[in-house]
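Engineer: Need a 3D model of the sequence below.
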Amino acid sequence: MAKPLPARGEIVRCLHEAARPLHARELATRLGVDEAAYSRLLTLLDQLSLDGTIKPIAGHRFKAQKRPDATGSSWEGLLSVHPRGFGFVSAVGQDDVYVAPDGIGGALHGDRVRVTEIGRTSRGVEGRIDAIVARRSPRLAGVLRRRGKSVWLEPDDARIRGPIVVASHAKVGNDGDAAVVSITRFPEYANENAEADLVAVLGAPGDPVVEVEKILLREQIEEEHPDGAMREAEAMAAKLSRLHAEGRVDLRHVPLPTIDPEDARDHDDAVWVERIGEGYRAWVAIADVSEYVQPGTELDAEARARGCTIYLPDRAIPMLPAALASDLCSLMPEADRLCLCVIADLDRHGVVQEFEVVEGLMRSHAMLTYPGVARALGFTETPPKSAQAEAMKKGLKALDDLARKLRKTRLARGALDLDLPEAKVVLDEQTGEPTDVVQRAQDPGVKRAYQMIEELMLLANELVAEWLGKRRCPAIYRVHGQPDEQKLERLGACAETIGLDVDLNGLLEPRGVSHFLARIAGHEKKRVLEMLLLRSLKQAQYDIANIGHFGLASAAYLHFTSPIRRYPDLLVHRAVKHVLRGGKIDTSPNAIEDLRMAATTASARERAAMEVEREVVDLYRALYMRTRIGDVLEGTVTAIVGSGVFVALDEPFVDVLVRFEVLGPDHYEASEDELSVVGLRSGDRITLGDRMLVEIEDVAVLRRMTMARRVLPERMMKQMERTGSGERGRRGREKPTAPGRGARPQRGARPAARPAPKRGGGRGKKQGGRRR
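Structural biologist: Take a look at the predicted model:
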């Protein structure tokens, strides 16, 4: 398996550092690309040249585009502000740039800015913000305040500099109400306040309904689709009765079933596998949503703006109207449906021998569930039997045989198998209040049934990526770059403290990461090591430049299998059908730029959806923890930050902050690498992965934060108190509210959030799979 190519930013950085055009061979040498991957690098360089990222020169040479200024010391990037006032600017092809509080000026968290380098330290580049290129979303949520004629908003987000001055003519809302505003005038200088108009006053802060509505309004997420889009969707009913099979392969004889979670409301994929001699033939049929959602329609514009379906603990906010998602495009049993289908012949080892992609007309023969399939195949004894699954047992057995071989091959090439815990919020059916937050339990047999489908989805996604690539058709790929080397160093330092020797260079290869995961499988600190590894992995995203997918150890991967709930899949379907119908492939600069913008927008909408899903889960966690104040609970130290340590509780599935001042009768300070905390008088040391007993003290619902204090054994408490008193002020000093120059802080102020309900990469569907 060829290793993933270097990321776009790495190529750009290498060309900038060279300060001269580089031949593709020299570029390959500098980037560590071997001969087997050289042809793929050439394709990637062509793609980067087409979209204007780099400039091609005669003779297979390439050079970087000019930076924003001639000195090469300014970059554009996204500003992330820490609650303590400093910030970081992330720029393409550059390391994050630290900005001290006095260098931020009138910029706000989330603004796109131009930053100029003013110095370098051992920890990296420091800069100041010279210009604001584009402002963040204007909407903010918080608490409304009134004093006489003055009205302002205290932002919930501590990263936003407040207060926000609200127009004095705003008459609605009482002091202390939850509210959402829209900024009408952004600050130009550091000592200015933003001005805003009221969007909505929602009621009492802390109420579950109010808080969720506040999040959705702030992010401008509408649950209802516009009337125009709804009318277009409903008009498809007439078209459904006149399905045109011309030019399509009739697949209605193939006994394709849908296999989904029990509570699934839309069914966009169906699969079937048969034995052909010693090998297999597999069908992966996907609903042809692109036939109904046409470019230039209001329906398409709305789908693009939404980007994906959002899953909340109590409901889903669909990308497409229900008339399409749950009816016309859903592969209902015994109903003719249009589809795109990947038909693959594989040998007895599960290796693809040949395949084709066709436009088809199919009919689902059964609506199966994971539990029903698991029971039919003998993976579990718990769920009740499904008569339909029992009747299809022979084909399901072939499906399982093939899936196990595909999975074995995928893991052998280095694909990561991170089994991350998933949060399940239990809600009271009457009140909507959370009654518990637990790790989603999954019957091992049901999980195996899920993996059967996941493997077929991953196969289809890879084959379609290969199919489009061979035809040199521009497409939106799902890409995942190598891990962050600085964060890997942090993982290596942590591993070293517990006696584990880690080959950091090896972790830049998928197979090396897989070997590391196998080594720590039984280690007592497996949990924290996996978490540090997870933080070093970059987020997968959409891009027209195919750099491969590190996490899947895949040379070419895209999203094809979920067009009902992901817009990039819909665009891939359009590209496939355009080629199948003999259309001319458009590689003009305008077409490439349109596709690049679509990929950028899709990545942004996905990140926004993830943040909403995660914030709503964190909201419910905080609401639930109000009922646990005073409880003593046990957990694992998973992060050390500027104010204390985070402890992941065993039960409930919640992270709590234990501030330094409540760790014990001592003055605690974090080590520079933030891998441990030490009591300056007693020498008491707390390291990542340690177990800790805590008592829940307080909950800040608006900040989605639970605070606790450490509970020490009585003997240890007395021993620490005997160590000495009165030393606190002399032995330690308080950390400044924001680090000055030369004292660059760690960027993260919180641990990586516990996963919200997951979106799978291949399957990616309401259960189980990671967002690949």
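Engineer: Could you give me the buried positions within stretch 251-263?
Structural biologist: By neighbour count on 16 or more other CB atoms under 10 Å, the buried set for stretch 251-263 is 251, 254-260. C-beta: built from backbone N, CA, C; applies to glycine.
Engineer: Quick check: the farthest pair among those?
Structural biologist: Pairwise distances across the buried residues of stretch 251-263 (CB to CB) peak at 19.2 Å, for the pair Leu251 and Asp260.
Engineer: hang on, the earlier thing: any chance of the buried residues of stretch 251-263 in a markdown table, plus pLDDT?
Structural biologist: Converted to a markdown table, those look like this (pLDDT from 0 to 100):
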| residue | pLDDT |
| --- | --- |
| Leu251 | 96 |
| Val254 | 97 |
| Pro255 | 97 |
| Leu256 | 98 |
| Pro257 | 97 |
| Thr258 | 97 |
| Ile259 | 97 |
| Asp260 | 94 |
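Engineer: Please flag which of the residues you listed sit within strands.
Structural biologist: Cross-referencing the buried residues of stretch 251-263 against strands under DSSP state E gives 257-260.
Engineer: just curious, which of those residues is nearest to Val210?
Structural biologist: For those, the nearest to Val210 is Asp260 (33.0 Å; CB to CB).
Engineer: Now the closest one. Nearest residue, chain neighbours left out?
Structural biologist: With CB to CB, 6 or more residues apart in numbering as the criterion, Asp260 has its nearest non-adjacent residue at 5.8 Å, and that residue is His267.
Engineer: Next up, the contacts around that neighbour.
Structural biologist: 258, 260, 287, 330-332, 364, 367 (CB atoms under 8 Å, 6 or more residues apart in numbering).
Engineer: repeat that for 10 Å
Structural biologist: 257-260, 287, 325-326, 329-333, 337, 364, 367, 564, 765 (CB atoms under 10 Å, 6 or more residues apart in numbering).
Engineer: List buried residues within the residues you listed.
Structural biologist: Here, 16+ other CB under 10 Å leaves 257-260, 287, 325-326, 329-332, 337, 364, 367, 564, 765 buried among the contacts of His267.
Engineer: how about the strands of the stretch 501-650 of the chain, start to end?
Structural biologist: 541-543, 632-640, 644-649 (DSSP state E, counting those that start in this stretch).
Engineer: Need the winner for burial among the ones you listed.
Structural biologist: Of all these, strand 644-649 has the most neighbours on average by mean count of other CB atoms under 10 Å, namely a mean of 24.
Engineer: Show me what whichever helix or strand comes after that one is packed up against.
Structural biologist: Under the assignment DSSP states H and E, the closest C-terminal helix or strand after strand 644-649 is strand 655-659. When contacts are defined as 3 or more CB pairs under 10 Å, 6 or more residues apart in numbering; DSSP states H and E, strand 655-659 packs onto helix 589-625, strand 632-640, strand 644-649, strand 691-700, strand 705-710.
Engineer: Turn the ones you listed into CSV, columns for distance to Asp347 and mean pLDDT.
Structural biologist: Shown next, in CSV, are the helices and strands packed on strand 655-659 (distance: least, CB to CB, whole Å; pLDDT from 0 to 100):
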stretch, distance to Asp347, mean pLDDT
helix 589-625, 35, 93
strand 632-640, 45, 94
strand 644-649, 45, 95
strand 691-700, 49, 96
strand 705-710, 54, 97
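Engineer: In the protein, where is pLDDT below threshold?
Structural biologist: 1-4, 50-52, 66-72, 91-95, 121-123, 237-244, 717-772 (pLDDT under 70).
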